[in-house]
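Trainee: Here's a sequence, model it:
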Amino acid sequence: MVELKTDASIDAMHAAGRVVGRALTAVRQAARVGVSLLELDEIAREVLREAGASSPFLGYRPSFAPTPFPAVICASVNDAIVHGIPTRYRLRDGDLLSVDCGAELDGWAGDSAVSFVVGRPRPADLRLVDTAERALAAGIEAAVPGNRIGDIAHAVGSVCRTAGYGIPQGFGGHGVGRRMHEDPDVPNEGRPGRGLPLRPGMVLAIEPMLIASGRDHYYEADDGWTLRTTDGSRAAHAEHTVAVTESGPRVLTAREAL
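Mentor: Next up, the predicted model:
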């Protein structure tokens, strides 16, 4: 069932979203060559602690997972698409890092992700990340009353496919509210004019995931969490929590410009 949020609830979710934005900004600023993924996770934990927020990631265990998730961020490097577990791995020059983070504050959740290159970037990686952000922007633009979930999916997928990138099937966005994952599902590819109608008060996580090779195939790593590209090509992930309102989409997890 899809819960429609009141204006006051959306404002409260915006407060949680600002915490997520601060955490991702702090992680990105600290992500340099030689810094470990565990160190980045600790930076995000400190932002959440200072805000009085908790992590919906830490201890999360959906049906597919063999163990609870042990961190407050997902840190996915190079061929990891999503759900990477932070480890002692130290970032290297040219690594492509995707960071996903959530926060719960006063009973409401926010969820967002960003991808970027550490050190000297490859032009192909910059194009991949830019396309992920453009796909996200297209999805957000489609999140208006009168449209349907399929319009968001079509907007995201069209940007990805036109650029020649793959889309991991079965993974996409979702509703957000009292919990990080709520109805409805928000696919990254679909037909316009199909699916659930968008109504004011719906809050959605829109999150394109792109595979550089143009293929859609992935596999689950031995940790039971990380999804990796089957062909070893690089991947990018972008995400915002967005409220559907009468006046247009409202991004609840905006980050400060670096």
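Trainee: What segments of the stretch 101-250 of the chain are strands?
Mentor: With DSSP state E, counting those that start in this stretch as the criterion, the stretch 101-250 of the chain has strands at 108-117, 173-175, 182-186, 203-206, 209-211, 218-220, 227-229, 235-237, 240-245, 248-251.
Trainee: Tell me which of these sits nearest to residue 132.
Mentor: Between residue 132 and the strands of the stretch 101-250 of the chain, the shortest gap by CB to CB is with strand 235-237, which sits at 4.2 Å. Quick note: C-beta positions are derived from backbone N, CA and C, even for glycine.
Trainee: mind checking the longest helix of the chain?
Mentor: helix 7-30 (DSSP state H).
Trainee: Which other helices and strands does that helix contact?
Mentor: On a contact count with 3 or more CB pairs under 8 Å, 6 or more residues apart in numbering; DSSP states H and E, helix 7-30 meets helix 37-51, strand 96-105, strand 108-117, strand 240-245, strand 248-251.
Trainee: Also compute the angle for the second one relative to strand 108-117, please.
Mentor: Read it as strand 96-105. Strand 96-105 runs at 170 degrees relative to strand 108-117, counting by axes from the mean of the first three to the mean of the last three CA atoms, to 10 degrees.
Trainee: Strand 96-105 vs helix 37-51, what angle?
Mentor: 30 degrees.
Trainee: For strand 96-105, what does the pLDDT average out to?
Mentor: When pLDDT is averaged over strand 96-105, the result is 98.
Trainee: same thing with the shortest one?
Mentor: Over the span of strand 248-251, the pLDDT mean works out to 98.
Trainee: What would it look like as PDB? C-alpha coordinates only.
Mentor: What follows is strand 248-251, C-alpha atoms only, in PDB (Å, rounded to 0.1, in the frame of the first residue of the first chain):
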ATOM      1  CA  GLY A 248       6.400  19.900  -8.900                       C
ATOM      2  CA  PRO A 249       9.000  17.400  -7.700                       C
ATOM      3  CA  ARG A 250      10.700  18.300  -4.400                       C
ATOM      4  CA  VAL A 251      14.200  16.800  -3.900                       C
END
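Trainee: okay, the nearest residue to residue 245 once chain neighbours are set aside: pLDDT?
Mentor: In space, and not counting its chain neighbours, residue 245 is closest to residue 200: 5.5 Å by CB to CB, 6 or more residues apart in numbering. On the pLDDT scale, residue 200 is placed at 98.
Trainee: what's near enough to touch residue 200?
Mentor: Neighbour list for residue 200: 4, 145, 244, 245, 246 [criterion: CB atoms under 8 Å, 6 or more residues apart in numbering].
Trainee: Kindly list the main-chain dihedrals of it?
Mentor: Dihedral pair for residue 200: phi -60, psi 140, per degrees, to the nearest 10.
Trainee: any idea how far it is from residue 111?
Mentor: 20 Å (CB to CB, to the nearest Å).
Trainee: what do you get for residue 25?
Mentor: In terms of CB to CB, residue 25 sits 15 Å off from residue 111.
Trainee: got it, and residue 216?
Mentor: The value you get for residue 216 to residue 111, if CB to CB is used, is 23 Å.
Trainee: Equivalent analysis for residue 146, please.
Mentor: Relative to residue 111, and taking CB to CB, residue 146 is found at 25 Å.
Trainee: Compare those two and say which is more crowded by neighbours.
Mentor: Using other CB atoms under 10 Å, the more surrounded residue of residue 146 and residue 111 is residue 111, with 27 against 9.
Trainee: Alright, I will stop here.
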